[in-house]
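Asks: Got a sequence here, can you build the structure:
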Amino acid sequence: MRGEYQQLVDDISAALGAPATLEDRDFGLIAFGAHGSDDDLDLMMDPVRTRSILQRRSTAAVRAWFEAFGIARAQAPLRIPPDPAAGVFKGRICLPVRHRGVVHGYVWLLDDEHLAGLDLSVPFADPRLAQAMESAARIGALLAAEARAGAELGELLRELLTARPAGQEAARGALREALGTAADGPLALVAVAPWRTAAEDGEADQPGAPDGAGSALAAQSGVAAMCAVPEALPDGGAALAALIRLRATSSPAPALAAADRLLRSPRAGAGEPAPAQAAAGIATPRKGLAELPAAWTEALGAARAAVAERRLGPVAQWAGIGPYRVLTGLAAEHTADPAVLPLLAPAYTKLARTAEVYLDCAGQAGRAAAALGIHRQTLYYRLGRVEQLTGLDLDDGEDRLLLHMTLKGSRLQRP
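Replies: Next comes the predicted model:
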């Protein structure tokens, strides 16, 4: 299907005599027309277009700037003026890609001397524009069909990951049939958390609108199936689940690349009123679909650990998160021991951090003091205050274990 998009973009470029770029509605690059030498100079002079092609995605700020012109509601082509302050040195003509009233993407053309005489005031009066919009409509139909197929696979994946055992078995069979031979091959499950769903983005009223990261991004990332999983996080937030095809269970590179791409989606991360950076977790690769519910637990646990401990992320593999493999499996009320609760108060953040670093350093005072950038006597003073607050003895192995695990576990509960 990627070849069909490229052909249609080439048709638009030929009809209008200017290179066109196709992006999905999340501004992920799908295809772009060939550039001549003069066009290459224009490309170099416009950082937004360069970034879109080289990185296959526009930034959130660029997306917001273009959407402010009403492109998501437009029924006809729009002219958008340049804005050097935003890095947009050349104006744009935007052809909305729609199907049955739903926007699925945008075709962009640089508004230069090639298109200066193109009249947009009377839609489709110019036969060149009419031909281009016909191709855009065909793109919209293809994207809609791809979105419907992706949504069906996503529903099966969500059912397999979250339903009771009886429902899981039915979903597993249906997903195996839909994926064909890929269902028996090496697979990895990726979780991205937190994740804004289509409903949170105000798109619940658009039937057939693709949820998740967009069909183009899914295809580019090697995603076999993808879905948003509501209430996957302790605070009730959603996470994204993506099933990735691998070449071998020992080669997680495609999953790492997919996680990196998915993290660039505008839906990765929580929005207002409590903005939070997203992270991705990758489960231990499996062969076939039989262990996907267990793999989802791993992937989600790794993502939560990467959010809690930024040194693990932004992409963490289950095998590499250490004690968080245990902590993410515990209920929140089991990770905050009453003896340590006083130390978790905001007033004692510095003491808690001191104790955690000291324990991370296996109780070696010199290493801990150096890591914290404090004098060793200051370290001893703070550790004494920790013992007073908690009643724990830092010379006792079990007390140290209790304190260490509670401090690590508290990270998972922070917003």
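Asks: what's the helix or strand for A72?
Replies: Secondary structure from DSSP states H and E places A72 outside every helix and strand.
Asks: How about G167, nearest residue that isn't a chain neighbour?
Replies: Leaving aside its chain neighbours, G167 sits nearest to E159 (5.9 Å; criterion: C-beta to C-beta, 6 or more residues apart in numbering). C-beta here means a position set from N, CA and C on the backbone, and glycine is covered the same way.
Asks: Please point out which parts of stretch 388-408 sit buried.
Replies: 389-390, 392, 394, 399-400, 402-408 (16 or more other C-beta atoms under 10 Å).
Asks: for the record, mean pLDDT for the helix or strand hosting L401?
Replies: Assigned by DSSP H and E, L401 falls within helix 397-413. In this model, helix 397-413 has a mean pLDDT of 90.
Asks: elements contacting that helix?
Replies: helix 292-308, helix 324-327, helix 349-360 (3 or more C-beta pairs under 8 Å, 6 or more residues apart in numbering; DSSP states H and E).
Asks: returning to that earlier point: for the buried residues of stretch 388-408, which one is nearest A253?
Replies: Among these, K408 lies closest to A253 (C-beta to C-beta), at 29.1 Å.
Asks: Just the helices from the protein, written as ranges.
Replies: 2-16, 37-44, 47-55, 60-67, 127-162, 165-179, 215-220, 253-263, 292-308, 324-327, 349-360, 365-372, 376-390, 397-413 (DSSP state H).
Asks: between the ones you listed, which gets nearest to V97?
Replies: helix 127-162 (4.6 Å).
Asks: Quick check: A18 vs G70, distance?
Replies: To G70, A18 is 22 Å away according to C-beta to C-beta, to the nearest Å.
Asks: These two: which has the busier surroundings?
Replies: For A18 versus G70, neighbours defined as other C-beta atoms under 10 Å are more numerous around A18 (22 against 12).
Asks: residues touching that one, list them.
Replies: G33, D39, L109, L110, D112, H114, L115 (C-beta atoms under 8 Å, 6 or more residues apart in numbering).
Asks: These, buried ones only, as a ChimeraX selection?
Replies: Those of the contacts of A18 that count as buried under 16+ other C-beta under 10 Å are selected in ChimeraX with:
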select :33,39,109,110,114,115
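Asks: so which one among the contacts of A18 has the lowest pLDDT?
Replies: Lowest pLDDT among the contacts of A18: D39, 52.
Asks: Pick the most deeply packed of the helices and strands packed on helix 397-413.
Replies: Using mean count of other C-beta atoms under 10 Å, the stretch among these with the largest mean neighbour count is helix 292-308, at a mean of 25.
Asks: Can you pull out the low-pLDDT segments for the stretch 201-350 of the chain?
Replies: 201-221, 270-276, 331-335 (pLDDT under 70).
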